[in-house]
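K.L.:
Need coordinates for the below:
(2 chains)
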Amino acid sequence: MQGTDLAEGTRLPDNESFFPACPPMGEHAEIYWAERCETATNAMVEFRGVSKFFGSTGALDDLNLVIRPGEFLTLLGPSGCGKTTTLRLLAGFEEPTTGQITLAGESVQNLPAYKRPVNTVFQHYALFPHMTVYENVAFGLRMQKVDDAQIKQRVERALAQVRLGNLGSRRPRELSGGQQQRVALARALVMEPKVLLLDEPLGALDLQLRRAVQVELKQLQRELGATFLYVTHDQEEALAMSDRIAVMRDGKIEQLGTPEEVYLRPATRFVAQFLGEANLLEGTAEPGGRLRWADHLLAVDRPLSGGGATVALRPERVRVIWRGGVDISRPGENRLKGQVIERLFVGTGTRLVVEVAGQPVAALLPPGPGPDLGESVELAFPADQCVVVAS
Amino acid sequence: MTPGPATSRPSPWKGWAILAPGVLWLLALVAAPLVLMLLYSLASRLAAGSPWPEGFSGEHYIRLIDPLYFKIFVRSIFQASLAALFSLALGYPLAYYIARSPLAKRDRLLLLVIIPFWTNFLVRTYAWMVMLRAQGVVNSLLMATGLISEPLPLLYNEVAVQVGLVYTLMPLLILPLYANLEKMDQRLLDAASDLGATPSAAFWSVTWPLSRPGVLLGCMMVFISAFGMYLVPDLMGGARSIMVGNLIQNQFLQARNWPFGAAAALALTAIVLGLALLVQRWGRLDGQGVRR
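P.N.:
Below is the predicted model of the structure:
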């Protein structure tokens, strides 16, 4: 985690690298980014203190977010977390109740959607059913009164980009879901938007197709150097494609960071559980900075001070030592003794649930031999895999 | 699935048994009278004092081309087309507004459109006559304000007939158009706006073409009803504004020339049918995504 993708012009405190060894946790994360990006002169999009209420229901609560040029930023969260509202605010379909949104340095307040230089790929594509694929893609350029020859050239290029060059004369309903998705993409890309907004664009596709399109989308974004704001509730999709992920919950950003950061160093319980699987070990802080959990003292990734604390531990980071296995002892490791109470083959390995002092702990065993049900085992994991999370 | 036992298949007679009442109804009350009308229209005359046709000729159809009667057909088509156009101009904004209203309000507004249907047609037409006649509400008001000194001839002319037709028939356009606009995907308008379409551009390039089936159906309903209308021109029109409906009524009840009346009625039916087929084909061409 070095500052290789440091955005040009972003001023940093002199004594601090862009990515500190341990990024700030919990609610501090948001402030951290807000403080550091406030001075960014080349922020593509900036949300500053944006709240949105629908009647008395709050959808967004004091959102601060900076999107850098050329970045693939994903808003990730469960339904109702405010991610789509954030997107619609930038597109201009909704106006914020309070706060400011700037696009390429200029406020978009009171600028209607049809005047904003951003374009959207809608969740269910919203293709015009009475127009051909060509007419759909040409629609935006027609509205801009671009001359016909140039429209033809740009539409054909956009259709070629999404590999639909030969389907221009079809109607949307004559296309498969994946093809419709690509028409929606071409229709937005042909406008050369400052930011491309994607609202769960792959939600209607089956898993296999979704994986393929993920790769294509990421490649396309890299080639075009375009700024993408991507909304999804699919954590796998977010991890695979994003430069940065903003994990949202109840109208707030819980954590903002690279996929590695949010996955490996989750700031909150919610983030740890929403992205992948995590054991949450709840205990109390002991003098000396360790965690007392179920009669064990655990070394954790940073010194604890006073009161209750929770650490997140990924199952795939837990080493299982059993009768038939090899035990390579590593210094400073946490060790827990327990019994296997569940054993599931999950394809990429075997998922074990081990009961330790009455508490279940999940561990992912690589493919190959493993302990039997009911067998006594030992779990080993290093201190830096016990990530302290805010509740 | 394994093939079921043969008994699970309903016998074809069951289907016919269910259809029979409806089919009999249609045969007795639609097909039979039509055949009868066709017979009458091809008869030279009816035997005195009996309903039996006598002789056989096409003279009544030829007589329809006589400028005297032909003009009535042309005027009827003109009046009915105009009524459909006016209904569209007035009814489209209304249907659009209702379709975009919140759900609870929508039902109340629709009720307001339907309520006149529950009032007797004759009463409503007389109400218009009270409004428009020389000493009527409109003229009295205008004279009281001093805008005019003489009452305006608002009643017993073609304009009055047009007013009556549009007033009476507009709900027939609003209801199908509302049904069409209401089920239109709102997100398409978001998409149009997103791509730079102003609200009016979005309307003309998305809403209007997508509402075409509703527009066509609504206009057809108004046109067909107006074309054969006889009560409105009878009560609100003058001697020179009679329409096909009045012609048919006259031939049957006053002139006692049933064969000619039957010929006029069948001509009206044929024109309406031909038009309906034309519009249906036209509507389908675009509605089902056939490439242009």
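K.L.:
May I ask you to name the longest helix in chain B?
P.N.:
helix B:67-100 (DSSP state H).
K.L.:
Mind listing what's buried along the next helix or strand after it?
P.N.:
Of the helices and strands lying after helix B:67-100 in sequence (DSSP states H and E), the nearest is helix B:103-114. For helix B:103-114, a neighbour-count test (16 or more other C-beta atoms under 10 Å in any protein chain shown) marks B:Arg106, B:Leu109, B:Leu110, B:Val113 as buried. C-beta here means a position set from N, CA and C on the backbone, and glycine is covered the same way.
K.L.:
which one of those is nearest chain A?
P.N.:
Distance to chain A, by C-beta to the nearest C-beta, is smallest for B:Arg106 among the buried residues of helix B:103-114, at 19.3 Å.
K.L.:
so who does whichever residue of the stretch 101-250 of chain B sits closest to chain A touch?
P.N.:
Closest approach of the stretch 101-250 of chain B to chain A (C-beta to the nearest C-beta) occurs at B:Leu195, with a separation of 3.6 Å. The contact partners of B:Leu195, by C-beta atoms under 8 Å, 6 or more residues apart in numbering or on different chains, come to A:Tyr114, A:Asn119, A:Phe139, A:Gly140, A:Met143, A:Arg187, A:Ala188, A:Met191.
K.L.:
filter the residues you listed by proximity to chain B?
P.N.:
Counting by C-beta under 8 Å from any C-beta of the partner chain, A:Tyr114, A:Asn119, A:Phe139, A:Gly140, A:Met143, A:Arg187, A:Ala188, A:Met191 from these sit close to chain B.
K.L.:
wouldn't the first one be in contact with B:Thr198 here?
P.N.:
Yes: in this structure A:Tyr114 lies within contact range of B:Thr198 using C-beta atoms under 8 Å: 5.6 Å.
K.L.:
from the buried residues of helix B:103-114, which two are the most distant?
P.N.:
Pairwise distances across the buried residues of helix B:103-114 (C-beta to C-beta) peak at 10.8 Å, for the pair B:Arg106 and B:Val113.
K.L.:
okay, and the common contacts of those two?
P.N.:
Jointly contacting B:Arg106 and B:Val113 under the rule C-beta under 8 Å, 6+ apart are B:Ile98.
K.L.:
For chain B, which segments count as strands?
P.N.:
Counting by DSSP state E, chain B has these strands, from start to end: B:45-46, B:53-54.
K.L.:
what does the last one contact?
P.N.:
Residues from elsewhere that reach strand B:53-54 (C-beta under 8 Å, 6+ apart): B:Leu39, B:Tyr40, B:Leu42, B:Ala43, B:Ser44, B:Arg45, B:Leu46, B:Ala47, B:Pro259.
K.L.:
For the fourth one, which residues are in contact?
P.N.:
To tie it back to what came earlier, the one meant is B:Ala43. B:Pro53, B:Glu54, B:Gly55, B:Phe56, B:Ser57, B:Pro259.
K.L.:
Run through the chain and note the low-pLDDT ranges.
P.N.:
Let's take chain A. Residue ranges of chain A with pLDDT under 70: A:1-41, A:324-326.
K.L.:
wait, I meant chain B there
P.N.:
Low-confidence segments of chain B, defined by pLDDT under 70: B:1-10, B:283-292.
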